[in-house]
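**Student:** Sequence first, then the predicted structure, then my questions.
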Amino acid sequence: MTTARPGPNNLITDVNGLLVGNAADDNLKSGVTVLTADTPFLASVDVMGGAPGTRETDCLAPHNLVDRVDALVLSGGSAFGLESATGVSEALRQQGKGYPVGSVSVPIVPAAILFDLLNGGDKEWTKNPYHELGQRAFNSAKKEFSLGSAGAGYGALTATLKGGLGSASLLLDNGITVGALVAANPRGSTVVPKTGKFWASPFEVEEEFGGRGFTLPEDGLALPESGKYPQLNPKANTTIAIIATDAKLDKAGLKRIAVAAQDGIARAVVPAHTPLDGDLVFSVSTGARSQEVDVADLSLIGHAAAVCLSRAIARGVFHATAHPEDILPCWQQVFGEDST
(Lines give C-alpha, C1' and ligand atoms only; values in the text may rest on other atoms or scores of the structure.)
Protein backbone atom coordinates (compact mmCIF):
# COMPACT_ATOMS: atom_id res chain seq x y z
CA MET A 1 0.00 0.00 0.00
CA THR A 2 1.34 3.41 -1.00
CA THR A 3 1.11 6.20 1.56
CA ALA A 4 1.57 9.94 1.25
CA ARG A 5 1.72 13.02 3.42
CA PRO A 6 1.82 16.75 2.68
CA GLY A 7 5.18 18.35 2.05
CA PRO A 8 6.68 20.76 4.61
CA ASN A 9 4.70 23.80 3.38
CA ASN A 10 1.75 21.97 1.75
CA LEU A 11 2.39 24.09 -1.35
CA ILE A 12 3.38 23.36 -4.93
CA THR A 13 6.81 24.78 -4.09
CA ASP A 14 7.46 21.67 -2.00
CA VAL A 15 8.59 20.42 -5.41
CA ASN A 16 12.17 21.57 -5.04
CA GLY A 17 13.30 24.34 -7.36
CA LEU A 18 9.88 25.85 -8.05
CA LEU A 19 8.91 29.39 -7.06
CA VAL A 20 5.54 31.16 -7.09
CA GLY A 21 4.81 34.87 -7.19
CA ASN A 22 1.53 36.75 -6.73
CA ALA A 23 0.44 40.25 -7.60
CA ALA A 24 -3.00 41.84 -7.32
CA ASP A 25 -4.77 45.18 -7.56
CA ASP A 26 -7.35 45.97 -4.86
CA ASN A 27 -9.41 48.34 -7.00
CA LEU A 28 -9.27 46.10 -10.04
CA LYS A 29 -10.22 43.05 -7.93
CA SER A 30 -7.95 40.91 -10.05
CA GLY A 31 -4.43 39.56 -10.12
CA VAL A 32 -1.75 37.31 -11.54
CA THR A 33 0.13 34.25 -10.32
CA VAL A 34 3.41 33.08 -11.87
CA LEU A 35 5.19 29.75 -11.41
CA THR A 36 8.85 29.77 -12.38
CA ALA A 37 12.22 28.24 -11.50
CA ASP A 38 15.92 28.98 -11.77
CA THR A 39 16.18 26.66 -14.78
CA PRO A 40 13.65 25.85 -17.54
CA PHE A 41 11.31 22.93 -16.91
CA LEU A 42 9.24 20.49 -18.96
CA ALA A 43 5.51 21.19 -19.23
CA SER A 44 2.34 19.97 -20.88
CA VAL A 45 -1.34 20.89 -20.70
CA ASP A 46 -4.85 19.48 -20.87
CA VAL A 47 -8.04 21.46 -21.49
CA MET A 48 -11.49 20.11 -20.62
CA GLY A 49 -13.62 23.23 -20.21
CA GLY A 50 -15.62 24.60 -23.11
CA ALA A 51 -14.44 28.23 -22.86
CA PRO A 52 -10.64 28.36 -22.42
CA GLY A 53 -8.38 31.37 -22.84
CA THR A 54 -4.71 30.56 -23.41
CA ARG A 55 -1.34 31.60 -24.79
CA GLU A 56 1.45 29.36 -26.17
CA THR A 57 -0.24 26.10 -25.16
CA ASP A 58 0.28 24.52 -28.59
CA CYS A 59 4.03 24.32 -27.95
CA LEU A 60 3.33 22.03 -24.97
CA ALA A 61 1.95 19.21 -27.12
CA PRO A 62 4.22 16.12 -26.97
CA HIS A 63 4.83 16.18 -30.73
CA ASN A 64 5.98 19.81 -30.91
CA LEU A 65 9.56 21.11 -30.76
CA VAL A 66 9.88 23.22 -27.62
CA ASP A 67 10.28 20.92 -24.63
CA ARG A 68 10.97 23.40 -21.83
CA VAL A 69 9.38 26.58 -20.57
CA ASP A 70 10.62 29.43 -18.39
CA ALA A 71 7.41 30.24 -16.53
CA LEU A 72 3.69 29.52 -16.43
CA VAL A 73 1.11 32.23 -15.82
CA LEU A 74 -2.37 32.06 -14.28
CA SER A 75 -4.22 35.35 -14.61
CA GLY A 76 -7.52 37.06 -14.07
CA GLY A 77 -8.79 39.55 -16.60
CA SER A 78 -10.19 37.24 -19.28
CA ALA A 79 -8.46 37.89 -22.63
CA PHE A 80 -6.92 41.09 -21.27
CA GLY A 81 -5.08 38.99 -18.70
CA LEU A 82 -3.02 37.26 -21.38
CA GLU A 83 -0.96 40.47 -21.45
CA SER A 84 0.46 39.40 -18.07
CA ALA A 85 2.54 36.76 -19.86
CA THR A 86 4.12 39.51 -21.97
CA GLY A 87 5.19 41.24 -18.77
CA VAL A 88 6.71 38.01 -17.50
CA SER A 89 8.43 37.41 -20.84
CA GLU A 90 10.03 40.85 -20.72
CA ALA A 91 11.23 40.28 -17.16
CA LEU A 92 12.80 36.99 -18.23
CA ARG A 93 14.41 38.61 -21.25
CA GLN A 94 16.03 41.21 -19.00
CA GLN A 95 17.64 38.28 -17.14
CA GLY A 96 18.87 36.74 -20.39
CA LYS A 97 16.61 33.72 -20.07
CA GLY A 98 14.69 31.96 -22.80
CA TYR A 99 14.79 29.38 -25.58
CA PRO A 100 18.07 29.80 -27.47
CA VAL A 101 17.71 30.58 -31.18
CA GLY A 102 21.04 31.56 -32.67
CA SER A 103 22.28 34.69 -30.92
CA VAL A 104 18.96 35.47 -29.18
CA SER A 105 16.87 33.88 -26.44
CA VAL A 106 13.07 33.78 -26.53
CA PRO A 107 11.33 33.27 -23.16
CA ILE A 108 8.60 30.62 -23.35
CA VAL A 109 5.70 31.65 -21.10
CA PRO A 110 2.43 29.72 -21.61
CA ALA A 111 -0.55 31.27 -19.86
CA ALA A 112 -4.20 30.67 -19.02
CA ILE A 113 -6.84 33.15 -17.90
CA LEU A 114 -10.09 33.19 -15.96
CA PHE A 115 -13.02 35.58 -16.23
CA ASP A 116 -13.32 38.06 -13.34
CA LEU A 117 -14.45 41.18 -15.18
CA LEU A 118 -17.86 41.35 -13.47
CA ASN A 119 -16.83 40.79 -9.85
CA GLY A 120 -17.37 44.32 -8.54
CA GLY A 121 -13.92 45.72 -9.25
CA ASP A 122 -13.12 48.87 -11.20
CA LYS A 123 -12.51 47.80 -14.80
CA GLU A 124 -12.58 51.30 -16.33
CA TRP A 125 -8.83 51.35 -16.98
CA THR A 126 -7.36 52.87 -20.16
CA LYS A 127 -4.00 51.05 -20.08
CA ASN A 128 -4.03 47.28 -19.70
CA PRO A 129 -2.89 46.67 -16.08
CA TYR A 130 -1.95 43.02 -16.51
CA HIS A 131 1.44 43.66 -18.10
CA GLU A 132 2.65 45.31 -14.88
CA LEU A 133 0.89 42.73 -12.69
CA GLY A 134 2.70 39.95 -14.56
CA GLN A 135 6.08 41.57 -13.98
CA ARG A 136 5.30 42.17 -10.31
CA ALA A 137 4.20 38.59 -9.81
CA PHE A 138 7.33 37.23 -11.50
CA ASN A 139 9.64 39.50 -9.51
CA SER A 140 8.04 38.41 -6.23
CA ALA A 141 8.40 34.67 -6.86
CA LYS A 142 9.54 32.66 -3.83
CA LYS A 143 8.90 29.36 -2.05
CA GLU A 144 6.21 30.66 0.30
CA PHE A 145 3.18 32.56 -0.96
CA SER A 146 -0.35 33.52 0.09
CA LEU A 147 -3.52 31.55 -0.59
CA GLY A 148 -7.14 32.62 -0.92
CA SER A 149 -7.70 36.18 -2.16
CA ALA A 150 -4.26 36.45 -3.73
CA GLY A 151 -2.74 36.51 -7.19
CA ALA A 152 -4.94 35.06 -9.93
CA GLY A 153 -7.48 34.06 -7.28
CA TYR A 154 -7.93 37.59 -5.94
CA GLY A 155 -11.20 38.25 -7.74
CA ALA A 156 -12.30 34.67 -8.32
CA LEU A 157 -15.87 33.52 -7.64
CA THR A 158 -17.69 30.20 -7.39
CA ALA A 159 -21.42 29.54 -7.76
CA THR A 160 -22.23 30.79 -4.26
CA LEU A 161 -18.98 31.91 -2.58
CA LYS A 162 -15.78 33.75 -3.37
CA GLY A 163 -13.17 31.58 -5.04
CA GLY A 164 -9.46 31.89 -4.56
CA LEU A 165 -5.90 30.74 -5.07
CA GLY A 166 -5.14 27.33 -3.58
CA SER A 167 -2.21 24.97 -3.32
CA ALA A 168 -1.40 21.58 -1.80
CA SER A 169 1.29 18.91 -1.97
CA LEU A 170 1.95 15.25 -1.30
CA LEU A 171 5.22 13.44 -0.60
CA LEU A 172 4.84 9.83 -1.75
CA ASP A 173 6.58 7.00 0.06
CA ASN A 174 8.69 6.35 -3.06
CA GLY A 175 10.23 9.81 -2.55
CA ILE A 176 8.38 11.58 -5.37
CA THR A 177 6.79 14.95 -4.57
CA VAL A 178 3.59 16.14 -6.28
CA GLY A 179 2.03 19.57 -5.87
CA ALA A 180 -0.91 21.59 -7.19
CA LEU A 181 -1.58 25.29 -7.69
CA VAL A 182 -5.03 26.52 -8.74
CA ALA A 183 -7.05 29.66 -9.31
CA ALA A 184 -10.58 28.45 -8.58
CA ASN A 185 -13.28 30.46 -10.36
CA PRO A 186 -15.76 27.72 -11.36
CA ARG A 187 -19.33 27.88 -12.61
CA GLY A 188 -20.10 25.12 -10.12
CA SER A 189 -20.04 25.04 -6.33
CA THR A 190 -17.18 23.85 -4.14
CA VAL A 191 -19.42 23.17 -1.12
CA VAL A 192 -22.34 20.82 -0.58
CA PRO A 193 -25.52 22.95 -0.71
CA LYS A 194 -26.76 24.26 2.67
CA THR A 195 -23.57 23.13 4.43
CA GLY A 196 -20.03 24.36 4.89
CA LYS A 197 -18.67 20.99 3.82
CA PHE A 198 -16.46 20.86 0.76
CA TRP A 199 -17.02 18.37 -2.03
CA ALA A 200 -13.27 17.70 -1.66
CA SER A 201 -13.63 16.72 2.02
CA PRO A 202 -12.90 12.99 1.49
CA PHE A 203 -9.37 14.01 0.47
CA GLU A 204 -8.70 16.53 3.24
CA VAL A 205 -5.48 16.21 5.23
CA GLU A 206 -5.07 17.52 8.79
CA GLU A 207 -8.13 19.82 8.66
CA GLU A 208 -6.45 21.94 5.99
CA PHE A 209 -9.81 23.41 4.94
CA GLY A 210 -11.82 23.32 8.13
CA GLY A 211 -12.18 19.63 8.98
CA ARG A 212 -15.96 19.67 8.52
CA GLY A 213 -16.14 16.18 7.05
CA PHE A 214 -18.62 15.20 4.34
CA THR A 215 -22.36 14.55 4.47
CA LEU A 216 -25.16 15.24 2.03
CA PRO A 217 -28.11 17.41 3.15
CA GLU A 218 -31.18 15.58 4.44
CA ASP A 219 -33.24 16.50 1.39
CA GLY A 220 -30.75 14.76 -0.88
CA LEU A 221 -28.32 15.83 -3.55
CA ALA A 222 -29.07 19.25 -4.96
CA LEU A 223 -27.30 21.44 -7.45
CA PRO A 224 -26.17 24.94 -6.50
CA GLU A 225 -28.89 27.58 -6.29
CA SER A 226 -28.25 29.19 -9.66
CA GLY A 227 -30.85 31.91 -9.13
CA LYS A 228 -29.63 33.00 -5.71
CA TYR A 229 -27.21 35.59 -7.09
CA PRO A 230 -28.87 37.06 -10.20
CA GLN A 231 -26.07 39.61 -10.60
CA LEU A 232 -23.66 36.84 -11.61
CA ASN A 233 -23.07 36.26 -15.29
CA PRO A 234 -23.38 32.53 -16.07
CA LYS A 235 -20.59 32.83 -18.63
CA ALA A 236 -18.04 34.24 -16.17
CA ASN A 237 -16.04 31.24 -15.03
CA THR A 238 -13.00 28.90 -15.26
CA THR A 239 -10.68 26.90 -13.03
CA ILE A 240 -7.03 27.03 -14.11
CA ALA A 241 -4.35 24.94 -12.43
CA ILE A 242 -0.76 23.72 -12.45
CA ILE A 243 0.41 20.27 -11.32
CA ALA A 244 4.11 19.80 -10.60
CA THR A 245 6.39 16.89 -9.73
CA ASP A 246 10.09 16.22 -9.33
CA ALA A 247 9.70 12.86 -11.08
CA LYS A 248 11.58 12.51 -14.38
CA LEU A 249 8.82 12.65 -16.99
CA ASP A 250 8.76 13.49 -20.68
CA LYS A 251 6.06 15.62 -22.32
CA ALA A 252 3.93 12.58 -23.11
CA GLY A 253 4.01 11.48 -19.48
CA LEU A 254 3.17 15.00 -18.35
CA LYS A 255 0.20 15.04 -20.70
CA ARG A 256 -1.15 11.92 -18.95
CA ILE A 257 -0.64 13.60 -15.56
CA ALA A 258 -2.58 16.67 -16.69
CA VAL A 259 -5.42 14.46 -17.93
CA ALA A 260 -5.54 12.53 -14.65
CA ALA A 261 -5.46 15.74 -12.61
CA GLN A 262 -8.68 16.94 -14.24
CA ASP A 263 -10.44 14.42 -11.98
CA GLY A 264 -9.38 16.65 -9.10
CA ILE A 265 -11.56 19.44 -10.46
CA ALA A 266 -14.49 17.06 -10.92
CA ARG A 267 -14.20 15.86 -7.32
CA ALA A 268 -14.05 19.37 -5.87
CA VAL A 269 -16.51 21.28 -8.08
CA VAL A 270 -20.13 20.40 -8.90
CA PRO A 271 -20.79 20.64 -11.80
CA ALA A 272 -17.35 20.71 -13.44
CA HIS A 273 -16.02 21.00 -17.00
CA THR A 274 -19.13 22.80 -18.23
CA PRO A 275 -19.40 24.56 -21.61
CA LEU A 276 -19.18 27.82 -19.64
CA ASP A 277 -15.87 26.96 -17.94
CA GLY A 278 -12.39 27.00 -19.43
CA ASP A 279 -11.01 24.31 -17.11
CA LEU A 280 -7.33 23.80 -17.84
CA VAL A 281 -4.46 21.97 -16.14
CA PHE A 282 -0.78 22.57 -16.86
CA SER A 283 1.64 19.85 -15.74
CA VAL A 284 5.30 20.40 -14.87
CA SER A 285 8.34 18.21 -14.26
CA THR A 286 11.57 19.55 -12.81
CA GLY A 287 13.19 16.16 -13.43
CA ALA A 288 15.16 16.51 -10.20
CA ARG A 289 14.79 12.80 -9.41
CA SER A 290 16.97 10.81 -11.79
CA GLN A 291 15.32 7.39 -11.57
CA GLU A 292 13.12 6.27 -14.45
CA VAL A 293 9.35 6.30 -13.98
CA ASP A 294 7.39 3.20 -15.01
CA VAL A 295 3.68 2.92 -15.79
CA ALA A 296 2.82 2.10 -12.17
CA ASP A 297 4.66 5.23 -11.00
CA LEU A 298 2.92 7.32 -13.65
CA SER A 299 -0.48 6.09 -12.49
CA LEU A 300 0.37 6.88 -8.88
CA ILE A 301 1.58 10.38 -9.75
CA GLY A 302 -1.64 11.01 -11.69
CA HIS A 303 -3.74 9.93 -8.72
CA ALA A 304 -1.72 12.12 -6.36
CA ALA A 305 -2.11 15.03 -8.77
CA ALA A 306 -5.90 14.71 -8.75
CA VAL A 307 -5.98 14.50 -4.94
CA CYS A 308 -3.71 17.55 -4.59
CA LEU A 309 -5.83 19.54 -7.02
CA SER A 310 -9.08 18.76 -5.16
CA ARG A 311 -7.47 19.84 -1.90
CA ALA A 312 -5.99 22.96 -3.47
CA ILE A 313 -9.40 24.08 -4.78
CA ALA A 314 -10.97 23.71 -1.34
CA ARG A 315 -8.03 25.49 0.30
CA GLY A 316 -8.37 28.41 -2.12
CA VAL A 317 -12.04 28.91 -1.24
CA PHE A 318 -11.43 28.28 2.48
CA HIS A 319 -8.73 30.97 2.69
CA ALA A 320 -10.57 33.64 0.66
CA THR A 321 -11.12 36.89 2.57
CA ALA A 322 -13.78 39.58 2.46
CA HIS A 323 -13.08 42.86 0.65
CA PRO A 324 -15.12 46.02 0.04
CA GLU A 325 -17.60 45.84 -2.84
CA ASP A 326 -17.61 42.02 -2.93
CA ILE A 327 -20.64 40.63 -4.73
CA LEU A 328 -20.38 37.23 -3.01
CA PRO A 329 -19.51 36.28 0.57
CA CYS A 330 -16.41 34.27 1.40
CA TRP A 331 -16.54 30.85 3.10
CA GLN A 332 -15.33 32.25 6.40
CA GLN A 333 -18.20 34.76 6.54
CA VAL A 334 -20.86 32.12 5.95
CA PHE A 335 -19.44 29.03 7.61
CA GLY A 336 -16.45 30.13 9.70
CA GLU A 337 -16.32 30.21 13.48
CA ASP A 338 -17.28 33.86 13.57
CA SER A 339 -20.26 33.51 11.20
CA THR A 340 -23.74 34.14 12.56
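**Tutor:** All right, it came through fine.

**Student:** Low-confidence ranges, the stretch 201-340 of the chain, go.
**Tutor:** 216-236, 338-340 (pLDDT under 70).

**Student:** now the helices: where do they sit in it?
**Tutor:** Using DSSP state H, counting those that start in this stretch, the helices of the stretch 201-340 of the chain run over residues 251-268, 295-318, 331-335.

**Student:** Show the residue spans covered by the helices in the stretch 1-150 of the chain.
**Tutor:** 83-94, 130-139.

**Student:** Quick one: those helices as JSON lines, columns for distance to Ser146, mean neighbour count and mean pLDDT too.
**Tutor:** For the C-beta atoms, the positions are set from N, CA and C on the backbone; glycine is no exception. As requested, the helices of the stretch 1-150 of the chain are exported to JSON lines (distance: least, Cβ to Cβ, whole Å; neighbours: other Cβ atoms under 10 Å; pLDDT from 0 to 100):
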{"stretch": "helix 83-94", "distance to Ser146": "18", "mean neighbour count": "23", "mean pLDDT": "96"}
{"stretch": "helix 130-139", "distance to Ser146": "12", "mean neighbour count": "24", "mean pLDDT": "98"}
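
**Student:** TSV for those, including distance to Arg267?
**Tutor:** Formatted as TSV, the helices of the stretch 1-150 of the chain follow (distance: least, Cβ to Cβ, whole Å):
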stretch	distance to Arg267
helix 83-94	29
helix 130-139	28
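
**Student:** For Leu117, which of those is the nearest?
**Tutor:** helix 130-139 (11.8 Å; Cβ to Cβ).

**Student:** Who are the packing partners of that closest one?
**Tutor:** Using 3 or more Cβ pairs under 8 Å, 6 or more residues apart in numbering; DSSP states H and E, the elements in contact with helix 130-139 are strand 18-25, strand 30-47, strand 69-75, helix 83-94.

**Student:** out of the ones you listed, deepest packed?
**Tutor:** Of all the helices and strands packed on helix 130-139, strand 69-75 has the most neighbours on average by mean count of other Cβ atoms under 10 Å, namely a mean of 29.

**Student:** Sheet partners, orientation included, of that strand?
**Tutor:** Sheet pairing of strand 69-75 (DSSP bridges) gives strand 30-47 (antiparallel), strand 111-113 (parallel).

**Student:** Tell me which of these sits nearest to Glu124.
**Tutor:** strand 30-47 (13.0 Å).

**Student:** quick one on the thing from earlier: burial-wise, tell me which of the helices of the stretch 201-340 of the chain comes out on top.
**Tutor:** Of those, helix 295-318 is the most buried (mean count of other Cβ under 10 Å), at a mean of 26.

**Student:** Quickly find the element holding the most centrally placed residue in the chain.
**Tutor:** The residue lying closest to the centre of the chain (Cα atoms, centre = their mean) is Val182, at 1.5 Å. Element membership for Val182 (DSSP states H and E) is strand 177-185.

**Student:** as a whole number, average confidence for that strand?
**Tutor:** Throughout strand 177-185, pLDDT has a mean value of 98.

**Student:** In a markdown table, list the helices of the stretch 201-340 of the chain along with distance to Thr36.
**Tutor:** Formatted as a markdown table, the helices of the stretch 201-340 of the chain follow (distance: least, Cβ to Cβ, whole Å):
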| stretch | distance to Thr36 |
| --- | --- |
| helix 251-268 | 17 |
| helix 295-318 | 18 |
| helix 331-335 | 29 |
